[in-house]
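> sequence first, then the predicted structure:
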Amino acid sequence: MKTALITGATSGIGAACAHLFAAQGYNLILVARREALLAEAAVLMEEKYAISVKKICADVRDFENLSYHLETLPSQWKKVNVLINNAGLSQGLEPIHKGEIADWDTMIDTNIKGLLYATKIVSNWMVTEKSGHIINIGSIAGKEVYPNGNVYCATKHAVDALSTSMRIDLLTHGIKVTAIHPGMVETEFSKVRFKGDESRARKVYDGLEPLVANDIAEAIWFVVSRPAHVNINDMLIMPTAQATGTIINRN
Ligand code: NDP
Ligand code: 8X3
């Protein structure tokens, strides 16, 4: 049986990937901070799909803790076939001179450093196995910048750059690296960006049909299920109603 490690598995794109990979018979290592949601997902998936789940209740920003949890897994769990670096968030949407330092730190620490921490640990295991596939969740915000997106866009541009770097560094180790860049996906993303302001979050999707998390999970599954000699480097996936980060056809 194959194993996928998914960061940010308690909601949105990560949760949808967990379901889809479980349905394909993968055992799962699920990483996130909300313990109750992790436990609920693990029970549901083990019962529904007859697979095994390891829950890692950890913050990807804390390398020591993440490393402790992952490195103390039984050795059979370290044969990870697919790493989905999905944990990430935006905090705030303000012009640069009004941005909150705490928000910037959270985004940089989660979206860049957290992704690097999980990659450092798991890519070492993949190098030992001489195989593996790393999927990094970037964004349209990693391909272009939009007003007030500043630091979030910068973190996703970093994910784009790191994906290419990883592909180069891991080339001779038989490890594939793919960056998936979604446009607007209706998840908890906007609620988190606007710090629980649900009505502001809902307005983001007013008058258009956004992507849903499963659209992205299905694209990831397509990427992962290609033959061994095929790698999809990069995928930009948008709602039909969204042409660029800012040009949106609203009813
Ligand atoms: P959600 O808010 O629905 O999910 C984010 C997930 O990340 C949650 O499971 C959350 O779990 C986890 N997470 C956040 N911070 C941490 C942390 N420090 N440590 C561990 N886990 C963490 O958002 P999405 O599903 O939309 O976002 C997933 C990824 O997709 C992100 O990288 C985001 O930037 C990217 N993206 C989203 C788009 C969108 O429009 N929604 C578009 C383009 C990219 P918990 O709180 O339990 O830790
Ligand atoms: C999330 C998509 O355009 O809201 O990465 O930044 S966007």
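Noted; the coordinates are in hand. Ligands and ions are numbered 1, 2, ... in the order given.

> going forward, measure contacts and count neighbours with C-alpha atoms only.
Fine.

> which elements pack onto the longest helix along the chain?
Counting residues, the longest helix in the chain under DSSP state H turns out to be helix 150-169. If you count contacts as 3 or more C-alpha pairs under 8 Å, 6 or more residues apart in numbering; DSSP states H and E, helix 150-169 packs onto helix 101-107, strand 132-137, strand 175-182.

> change it to 7 Å
If contacts are counted by 3 or more C-alpha pairs under 7 Å, 6 or more residues apart in numbering; DSSP states H and E, helix 150-169 sits against strand 175-182.

> close to ligand 2, is the strand it packs on?
No - judged by C-alpha under 6 Å from any ligand atom, strand 175-182 stays clear of ligand 2, getting no closer than 6.6 Å.

> check contacts around the residue in the stretch 1-150 of the chain that ligand 2 sits nearest to.
Here the stretch 1-150 of the chain gets closest to ligand 2 at one residue, residue 139, 4.5 Å apart by C-alpha to the nearest ligand atom. Residues near residue 139 by C-alpha atoms under 7 Å, 6 or more residues apart in numbering: 156, 181, 182, 183.

> show me the contacts for the second one.
If I follow you right, that is residue 181. Contacts of residue 181 by C-alpha under 7 Å, 6+ apart are 137, 138, 139, 140, 235, 236, 237.

> so the fifth one belongs to a helix, correct?
Read it as residue 235. No - assessed by DSSP: H, G, I helix; E, B strand; the rest coil, residue 235 does not belong to a helix; its assignment is strand.

> partners of the nearest residue in space to it that is not next to it in sequence in the sheet?
Leaving aside its sequence neighbours, residue 235 sits nearest to residue 180 (C-alpha to C-alpha, 6 or more residues apart in numbering; 4.9 Å). Residue 180 has these beta-bridge partners by DSSP bridges: residue 137, residue 235.

> phi first, then psi, for the residue most central in space within the chain.
In the chain, the centroid-proximal residue (C-alpha atoms, centre = their mean) is residue 86; its distance is 1.1 Å. Note on residue 86: its backbone torsions stand at phi -110, psi -30 [degrees, to the nearest 10].

> ok, residue 221 next?
Backbone geometry at residue 221, expressed as degrees, to the nearest 10, gives phi -60, psi -40.

> burial check on it, number of neighbours?
The burial count assigned to residue 221 is 14, neighbours taken as other C-alpha atoms under 10 Å.

> on that earlier part again, surely the residue nearest to residue 235 and residue 137 touch.
Yes - using C-alpha atoms under 7 Å, residue 180 is in contact with residue 137, at 5.0 Å.
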